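Novice: no sequence on this one, just coordinates:
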């Protein structure tokens, strides 16, 4: 029998305990032996079905030789980092859904796991229940990955869906998301693009094999997005989606960023709605693949965590080939990425044409909405200096 510990009993931790118990037969058949939760680390004891498993002393888990895998669901960096290090140093595999910890300290923790001959796995940190990291590192390992982009945050996608479907203002759509439990009381990490930014950093790390420093990645959310731009885009055959994107640059190097984009309505991402996520991976041999599903939630995220537990145990002592260099050199400012841009300006078509030359007009009603030809972000900024810009978004073609 294999025994595991769970750190934290919030949404994901509870989900891991539920999946382990409710799917016990399937797990035993695939693992070849029963899997059980032995201990759960909590800050405060409370009554419930897991009361007898609770402890507030991590040393009990750290020193318990029967516990082979620790599932970290605390979140954040401080305590999660300390406990993860101690578990790895004690020779235990660690599984996590903690995107912030992986984005900021993952390279160091993977190196420690390698030295201790154990696994540090984090499939749930990017796509929740969507399998994306394993396909990226295993199934697509014969490819050179050139680009990854997608909808990486279900909360913002739900808000944008409501703005399109019902014409709700951002603030009203956010309150609805909070009422349904899709958004936290403090939604900053979601609506400011921070959550998606941490995820695109992890995808970039794995795709390009080098550390992407989250502090260098521009993360723009949807809090300043106007319903007017949502409607202009919709009438013109586009949907606005918050996308995380990382790509290999033509002259060498790599870049990553998060920002709202106009997506053509015939693009598969345009029809990804509500709390669903989708990630597009472009390899030089396979072309484009899209991974779609629920990117968060108790059971989808727990599904990925428990799958990683089984992976760690089956591949014990450790999985080869997962990791990246600590070298942060070669990161290029995403302002060098060329795309079409959408602008809405307080001015006329003549003003737009004087700044950008030939443009595609989307709306003219006292303000002018238009699309440029392909230009870099730096060029877009320079050429728009003479205009009164009300909105500026990139376009995914």
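Specialist: Alright, I've got the coordinates. Predicted model, so just to flag it, every value in this text is computed and none were measured.

Novice: Give me the distance between the spatially closest residue to residue 96 that is not a sequence neighbour and residue 287.
Specialist: Nearest residue to residue 96, sequence neighbours excluded (C-beta to C-beta, 6 or more residues apart in numbering): residue 72, at 4.3 Å. For every residue, glycine as well, the C-beta is placed using N, CA and C. From residue 72 across to residue 287, the span is 36 Å (C-beta to C-beta, to the nearest Å).

Novice: These two - which one has more neighbours?
Specialist: residue 72 (27 against 9; other C-beta atoms under 10 Å).

Novice: hey, what's that one bridged with?
Specialist: residue 7, residue 96 (DSSP bridges).

Novice: for it, what are its contacts?
Specialist: 7, 8, 80, 83, 84, 87, 94, 95, 96, 97, 98, 101 (C-beta atoms under 8 Å, 6 or more residues apart in numbering).

Novice: For the first one, grab the count of nearby residues.
Specialist: With neighbours defined by other C-beta under 10 Å, the count for residue 7 comes to 25.

Novice: Distance-wise, check it relative to residue 40.
Specialist: Relative to residue 40, and taking C-beta to C-beta, residue 7 is found at 8 Å.

Novice: Now the common contact residues for these two.
Specialist: Common contact partners of residue 7 and residue 40 (C-beta under 8 Å, 6+ apart): residue 13.

Novice: any idea which of the contacts of residue 72 is the one closest to residue 153?
Specialist: residue 97 (14.3 Å; C-beta to C-beta).

Novice: ok, residue 97 to residue 190 distance?
Specialist: 16 Å.

Novice: again, but for residue 295
Specialist: Distance from residue 295 to residue 190, by C-beta to C-beta: 11 Å.

Novice: what do these two both touch?
Specialist: Joint contacts of residue 295 and residue 190 (C-beta under 8 Å, 6+ apart) are residue 153.

Novice: Between those two, tell me which one has more neighbours.
Specialist: residue 295 (31 against 27).

Novice: shouldn't that one be in contact with residue 128?
Specialist: Yes: judged on C-beta atoms under 8 Å, residue 295 makes contact with residue 128 at a distance of 4.2 Å.

Novice: overlap in contacts of these two?
Specialist: What both residue 295 and residue 128 touch, as defined by C-beta under 8 Å, 6+ apart, is the set 154, 277.

Novice: Next, residue 146: phi, psi?
Specialist: The phi and psi values for residue 146, taken as degrees, to the nearest 10, are phi -100, psi -30.

Novice: tell me the contacts of it?
Specialist: Contacts of residue 146 (C-beta under 8 Å, 6+ apart): 247, 248, 282, 283, 284.

Novice: what's the closest non-adjacent residue to residue 169?
Specialist: With C-beta to C-beta, 6+ apart, the residue lying closest to residue 169 is residue 227, at 5.4 Å.

Novice: hmm, I was thinking of residue 2
Specialist: residue 35 (5.1 Å).

Novice: Hmm, that neighbour is touching residue 16, no?
Specialist: No: applying C-beta under 8 Å as the test, residue 35 and residue 16 come out as separate, 10.8 Å apart.

Novice: So between the two, which is more surrounded?
Specialist: Applying other C-beta under 10 Å to residue 35 and residue 16 shows that residue 16 carries more neighbours, namely 29 against 22.

Novice: Tell me which residues are up against stretch 39-57.
Specialist: Under C-beta under 8 Å, 6+ apart, the answer for stretch 39-57 is 5-9, 13-14, 17, 37-38, 58, 60-61, 64, 67, 83.

Novice: hmm, 7 Å instead?
Specialist: 5-9, 13, 17, 37-38, 58, 60-61, 64, 67 (C-beta atoms under 7 Å, 6 or more residues apart in numbering).

Novice: Stretch 4-15 too?
Specialist: So stretch 4-15 is contacted by 16-17, 35, 37-42, 50, 61, 67-74, 83, 97, 298-299, 301-302, 305, 309 (C-beta under 7 Å, 6+ apart).
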